[in-house]
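Undergrad: After the sequence you'll find the predicted model.
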Amino acid sequence: MRSATPRDTSTRRVGRPPGPTPDPAVRREELLEAAVRAIRRLGPDASMEELAAEAGLTKPILYTHFGDRSGLATAIAERFAAGLVEDVLASFAAGTEPREAVRRAIDTFIAFVEREPHVYRFLARGVAASENTLVNQRLVIEVGLRLADVLRDQLQEAGIDAGPAELWAFGVLGSVFVGAEWWLFRQTMTRDELVDHLTELAWSGLFGSATAAAATTERTDG
């Protein structure tokens with residue numbers, strides 16, 4: 001009697017190609033790179049379906065990895081933030097004249113906005129309801145604190161109360177981000193002109209407030 005051929009009892013999920021399971025971290029990086037490519041090509045309003053298609057996936061799989069559009073934007077922000085924060089903070093290297101340090105920091109940020117306009121807009125729009133954005137987390141916090149240190153030193157050297165230094169620094173920094181958004185929309189001046197005007201606004205805002213505070217103190221003391 002002819003013996004039956006043994007059945008292959010090994011199992012494999014339907015649709016899954018043979019071979020080792022992709023490393024999750026590597027796969028996530030590939031998905032982020034594909035999403036960034038799609039945003040650069042299609043613009044900041046690219047849908048999740050379009051971003052998934054660029055990665056060769058279905059939309060539900062993209063949602064599985066990042067949760068939603070806000071989660072994807074946060075992941076992309078984290079991808080860009082590390083290098084950008086490092087570059088901006090490098091503007092405040094020891095020995096740099098304070099006003100020049102402020103200008104270099106603004107120029108570095110505007111250079112990113114100019115180089116990656118679609119990515120920047122996607123981040124600003126995609127995480128509007130999230131607390132983990134490029135502009136309100138690492139960049140604003142770390143640069144704002146560094147700017148406050150610069151202002152605090154200047155105020156103390158001038159014998160002026162440095163208490164409001166951090167508040168003023170963060171307030172001025174906000175104007176830089178709003179100015180960048182305006183520039184992307186209007187494009188009525190060159191990048192250098194924008195940086196010059198934002199530097200003047202920031203410097204005048206910081207030290208104009210300091211001068212006013214000093215004058216108030218003198219009148220009170222008098």
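TA: Received it, and whenever you're ready, just let me know what you need.

Undergrad: Helix or strand: which one has residue 149?
TA: Secondary structure from DSSP states H and E places residue 149 in helix 138-157.

Undergrad: Now that helix: buried residues?
TA: 138-140, 143-144, 146-148, 150-152, 154-155 (16 or more other C-beta atoms under 10 Å). From N, CA and C alone the C-beta is placed, and that goes for glycine too.

Undergrad: With stretch 58-75 instead?
TA: 62, 63, 65, 66, 69, 70, 71, 72, 73, 74, 75.

Undergrad: Kindly export that stretch (C-alpha atoms) in PDB.
TA: Output of stretch 58-75 as PDB, limited to C-alpha atoms (Å, rounded to 0.1, in the frame of the first residue of the first chain):
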ATOM      1  CA  THR A  58      -2.700  51.000   3.100                       C
ATOM      2  CA  LYS A  59      -3.900  53.900   5.200                       C
ATOM      3  CA  PRO A  60      -4.900  51.600   8.200                       C
ATOM      4  CA  ILE A  61      -1.300  50.300   8.400                       C
ATOM      5  CA  LEU A  62       0.000  53.900   8.600                       C
ATOM      6  CA  TYR A  63      -2.500  54.600  11.400                       C
ATOM      7  CA  THR A  64      -1.300  51.500  13.200                       C
ATOM      8  CA  HIS A  65       2.200  52.800  13.300                       C
ATOM      9  CA  PHE A  66       1.500  56.500  14.100                       C
ATOM     10  CA  GLY A  67      -2.000  56.600  15.500                       C
ATOM     11  CA  ASP A  68      -3.300  59.600  13.400                       C
ATOM     12  CA  ARG A  69      -2.100  62.600  11.400                       C
ATOM     13  CA  SER A  70      -1.000  64.400  14.600                       C
ATOM     14  CA  GLY A  71       1.000  61.300  15.700                       C
ATOM     15  CA  LEU A  72       2.700  61.200  12.300                       C
ATOM     16  CA  ALA A  73       3.500  64.900  12.500                       C
ATOM     17  CA  THR A  74       4.900  64.500  15.900                       C
ATOM     18  CA  ALA A  75       7.200  61.700  14.700                       C
END
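
Undergrad: that older thread, ok, of the buried residues of stretch 58-75, which one's closest to residue 187?
TA: residue 73 (23.8 Å; C-beta to C-beta).

Undergrad: any idea how far residue 66 is from residue 157?
TA: 48 Å (C-beta to C-beta, to the nearest Å).

Undergrad: With residue 198 instead?
TA: Separation of residue 198 from residue 66 (C-beta to C-beta) stands at 33 Å.

Undergrad: How about residue 32?
TA: 9 Å.

Undergrad: Give me the below-cutoff pLDDT ranges for this structure.
TA: 1-22, 125-138, 207-222 (pLDDT under 70).
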